[in-house]
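>>> below is the sequence, then the predicted model.
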Amino acid sequence: GQQLNQSPQSMFIQEGEDVSMNCTSSSIFNTWLWYKQDPGEGPVLLIALYKAGELTSNGRLTAQFGITRKDSFLNISASIPSDVGIYFCAGPVNDYKLSFGAGTTVTVRA
Amino acid sequence: SQTIHQWPATLVQPVGSPLSLECTVEGTSNPNLYWYRQAAGRGLQLLFYSVGIGQISSEVPQNLSASRPQDRQFILSSKKLLLSDSGFYLCAWRIRGGSGNTIYFGEGSWLTVV
């Protein structure tokens, strides 16, 4: 089945920094999704990408659908304390299921 | 707009006791429904999904079962809980047949088996 490798596994970032995380797949995806999970809550969709090469922003977040369709990147600009959480990438395995990355845990140093 | 609710939010259960977590979706019809489990600080593990009433697909053989008695209701159950069943359980839904693949999650239920 399709495997998603998400990196880094965790990161400590300084408030105000720009940071980046990525996700790679062993197979081609036609959709890439990025979720954020705040502590003790369910994941919330941040950005959805549907086209190779697509670059989409949501506030300080920017995500890109890789041209090869096997990778995606999420960038956070000017980090703030509320960026703390776990970020997941995901892509469709079939019409019913998503494959999720293992997550990137972000901790912000004030 | 669509909403998803699951309950209870938190529960502590002794080993060997039964479990019932309930999830309902509002504002949509014929959704695909999902149960995920997340161990502390870990990723999301798909447990069950359903594409219709009474239709349940199990992803991981284990001590749990799922049922879908109504179109927008999804229940996660166990007859006898194990310590290893502890975790954060998430219900989720997706538009069936939609062009997008987005799954939307509920608030989650913390289960501690003692």
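Looks like it came in fine. These numbers were taken from a predicted model, which means no experiment stands behind them. Numbers count the residues shown, from 1 in each chain, chains lettered A, B, ... in the order given.

>>> how about the strands in the chain?
I'll assume chain A. Listed in chain order, the strands of chain A (DSSP state E) span residues A:4-7, A:10-14, A:19-25, A:32-37, A:44-49, A:55-58, A:61-65, A:71-76, A:85-92, A:98-100, A:104-109.

>>> try again with chain B
B:3-7, B:10-13, B:19-26, B:32-38, B:45-52, B:55-58, B:65-70, B:73-78, B:87-94, B:104-105, B:109-113.

>>> quick one: the shortest one near chain A?
Meaning strand B:104-105. Yes: contact between strand B:104-105 and chain A, assessed by Cβ under 8 Å from any Cβ of the partner chain, occurs at B:104-105. (Each C-beta comes from the backbone N, C-alpha and C, glycine too.)

>>> what does that strand rub up against?
Contact with strand B:104-105 is made by A:35, A:42-45, B:2, B:4, B:36, B:90-94, as judged by Cβ atoms under 8 Å, 6 or more residues apart in numbering or on different chains.

>>> my read: A:V106 touches A:Q9, true?
No: judged on Cβ atoms under 8 Å, A:V106 makes no contact with A:Q9 at a distance of 10.8 Å.

>>> which of these two has more residues huddled nearby?
Taking neighbours as other Cβ atoms under 10 Å in any protein chain shown, A:V106 and A:Q9 compare with A:V106 leading, 20 against 11.

>>> picking up where we left off before, list buried residues within the contacts of strand B:104-105.
A:35, A:42-43, A:45, B:4, B:36, B:90-94 (16 or more other Cβ atoms under 10 Å in any protein chain shown).

>>> burial of B:S86, as a residue count?
18.

>>> give me the below-cutoff pLDDT ranges for the chain.
By default, I'm working from chain A. Applying pLDDT under 70 to chain A flags residues A:1-2, A:110.

>>> that's the wrong chain, I meant chain B
Using pLDDT under 70, the flagged stretches of chain B are B:61, B:97-100.

>>> can we see that at 90?
For chain B, the stretches with pLDDT under 90 are B:1-2, B:39-43, B:60-63, B:95-102.

>>> and the residue nearest in space to the middle of it, how far is that from A:I86?
By Cα atoms, centre = their mean, chain B has its centre lying nearest to B:W35, at 2.8 Å. Going from B:W35 to A:I86 by Cβ to Cβ, to the nearest Å gives 19 Å.

>>> need the nearest residue in space to the residue in chain B positioned nearest to chain A, chain neighbours excluded.
The minimum distance from chain B to chain A, using Cβ to the nearest Cβ, falls at B:F105 (3.5 Å). With Cβ to Cβ, 6 or more residues apart in numbering or on different chains as the criterion, B:F105 has its nearest non-adjacent residue at 3.5 Å, and that residue is A:G42.

>>> do I have it right that the one you found meets B:G108?
Yes: look at A:G42 against B:G108 with Cβ under 8 Å: they come within range, at 4.7 Å.
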